[in-house]
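> return a 3D structure for these sequence lines:
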Amino acid sequence: TAVAIPMAIKGTSVRAFATQDLTTNSIAGYTAPFTVETGGTLHFGWAADGTTPLVLKKTTTSPAGTNTFISQTGTTLISTSLDGLQKASGTTGNVQYASSNKTFDQTAVFWYVGKNDQVTGDVFTTGGTAKTIICDLIDNTKKLTLSSSTSITAPGLLNIIKGQFFESTTALITGSTGGLTMEDGTRYVIPSLSSSATDFIPRMDGLSSIYNLSGNSTIELNGADGASVYDQYLRGSRNYRNLTFSTSGTKTISSAISSITGTITVADAAVLNVDDKGMGGIGTNLTMTGTSQYITAGIGVKPDASETYNLGTGTKVTFTSGSIAVPILTLQQIRLAPNYYNIDVLGNNVGTNTATGPVKIQSGGTFTVKSNGVFKHSNTAGFSGSNVTAIDNTNTPTISLEANSTIDYAGADQTITLFSPAYRNLTISGTGVKTLQNATATRVEEDLKVDAAKLLLNTDQVITVKKGVFIAATGAEFEILNNAQLIQID
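This next block holds a predicted model:
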């Protein structure tokens, strides 16, 4: 039997459908509204089986007149249908009236409690309003997918209580002043690319510029490679829990991250370029999988994460501090605790400043100093060749020195280890005396520079330099003892 009278849920009251759909009708020439008034809450509920969502619909038996649904400002709608709250459709979602007969005020609370994967429905308008969207699914394996783009303004927010909230490339929460709250174990996935260098993700500023993120919650930027230099910009100056960068494309951060309590994960073919901005520290782990890359500049010990590292086969960490165009004076130090797979040195002030600690590379991995890159080290045992040199040889990594690259012995009293086939450019700096490990086979394919300290060739030793030899006018010394030779080819 269809109900044919106006109905209203009054302010501050909470009402739920019992165990069956609410079917309505009217009389010819008359409109019977179903109104959720300001402050009222409507929970659509489930059938007696506990899983079938209940709906509000118009009878198909002798329908007459008009039935409308109106949710006023400040109402709460608790959606159980896996199709959510639909505006355009009259046959899906919790409210199954004709589109023209449904009004959803945009300052309401839209609360989704699906018992399986759910969509929001096209209930939202694109304009910015103080709406609140709550994702509160049956468990954290289920996902709520946004059906259409919208904007949330303060004091509205996206509140992920349980489950995973997915945007898409065409349905996203656009730039807004709204808040973001996430409970333990929840996930927020954002595939849309940044439209500009000021289109930060998440696109909500956060209430008072603060995100309320709890426990093991995760925000994931999983956009694909686009046409821009940077495809997605993570919003900086916020406290985060877990952060995941996946799929492909280059992700970056708008400014230094305030803190990361959890794990940074770089996955698939994604590239995370943090440049010289802070990205974690105490309490931050770093995990890399697939062929992902992590690019870092800045000074001091990098990457910033100081806890557990899990760097998978095929991953790469690239150090870029300093360049010929923009030199820096403070060393970018490679963090020694991780077991890296691939390392690229692009910057001209990258290295280590310890006399004993090595950089560790996994079996099958590589250490490459790129063209114009400079690797500076203070290891007394030398650059490579053993488990105590600057590059640990335990797992026999492939070490490549590209044309125009430089190895700088920048410590005190160091042994210059043999490198095959040759150093490209070799610089002597730091303090003390630098001596050859191999008496005759040390070769420099480009230039030898003695900028500071002493380079000593002991009796009968030989060093071969293909191009130039340069000795600083002050503070540097190149001493050749009895029968030792400098062989300069060009």
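> contacts and neighbour counts: CA atoms only from here.
Noted.
> quick check, Asn379 in contact with Val359.
No. Between Asn379 and Val359 there is no contact under Cα atoms under 8 Å: 10.5 Å.
> between the two, which contacts overlap?
Residues touching both Asn379 and Val359 by Cα atoms under 8 Å, 6 or more residues apart in numbering: Ala390.
> comparing those two, which residue is more hemmed in?
Asn379 (27 against 23; other Cα atoms under 10 Å).
> tell me the secondary structure at the more buried one.
Following DSSP: H, G, I helix; E, B strand; the rest coil, the label given to Asn379 is coil.
> phi, psi for it please.
Dihedral pair for Asn379: phi -70, psi 120, per degrees, to the nearest 10.
> so how far is Gly45 from Thr51?
In this view, Thr51 and Gly45 are 9 Å apart by Cα to Cα, to the nearest Å.
> let me fix that: Pro53
Distance from Pro53 to Gly45, by Cα to Cα: 6 Å.
> now the helices for the stretch 251-400 of the chain?
In order along the chain, the stretch 251-400 of the chain carries no helices (DSSP state H, counting those that start in this stretch).
> for it, which spans come out with low pLDDT?
Within the stretch 251-400 of the chain, not a single segment meets pLDDT under 70.
> so what's the residue count around the nearest residue to Asn379 once chain neighbours are set aside?
Using Cα to Cα, 6 or more residues apart in numbering and skipping residues adjacent in sequence, the residue nearest Asn379 is Ala355, 4.0 Å away. The local packing of Ala355 (other Cα under 10 Å) involves 19 other residues.
> please apply the same query to Asp21.
By other Cα under 10 Å, 18 other residues sit near Asp21.
> and it, what pLDDT?
On pLDDT, Asp21 comes in at 92.
> also the one 4 residues further on?
Asn25 is assigned a pLDDT of 86 by the prediction.
> and it, how many neighbours?
Asn25: 26 neighbours (other Cα under 10 Å).
> do the same with Pro327
Neighbours around Pro327, by other Cα under 10 Å: 12.
> and the closest residue in space to Lys466 that isn't next to it in sequence, what does it touch?
Leaving aside its sequence neighbours, Lys466 sits nearest to Ile489 (Cα to Cα, 6+ apart; 4.7 Å). For Ile489, the contacting residues are Thr464, Val465, Lys466, Lys467, by Cα under 8 Å, 6+ apart.
> again, but for Tyr233
Neighbour list for Tyr233: Ser194, Ala197, Thr198, Asp199, Phe200, Ile201, Lys251, Thr252, Ile253, Ser254 [criterion: Cα under 8 Å, 6+ apart].
> same check on Asn438?
Thr417, Leu418, Gln461.
> mind doing that once more with 7 Å?
Leu418 (Cα atoms under 7 Å, 6 or more residues apart in numbering).
> roughly how far does it sit from Ala18?
Counting by Cα to Cα, the separation of Asn438 from Ala18 is 88 Å.
> Thr51 and Gly45: which is more packed in?
The neighbour count for Thr51 versus Gly45, taken as other Cα under 10 Å, is higher for Gly45 (26 against 14).
> right, and that one touches Leu56 too?
No. If you go by Cα atoms under 7 Å, Gly45 and Leu56 don't touch, sitting 10.8 Å apart.
> one step back: please report phi then psi for the residue nearest to Lys466.
Main-chain torsions, Ile489, degrees, to the nearest 10: phi -80, psi -50.
> now do it, the pLDDT please.
We have a pLDDT of 90 for Ile489.
> Leu436 too?
98.
> what number of residues lie near it?
Residues within reach of Leu436, counting by other Cα under 10 Å, total 21.
> thinking it is in contact with Gln414, fair?
No. Checked against Cα under 7 Å, the pair Leu436 and Gln414 is beyond contact range at 8.8 Å.
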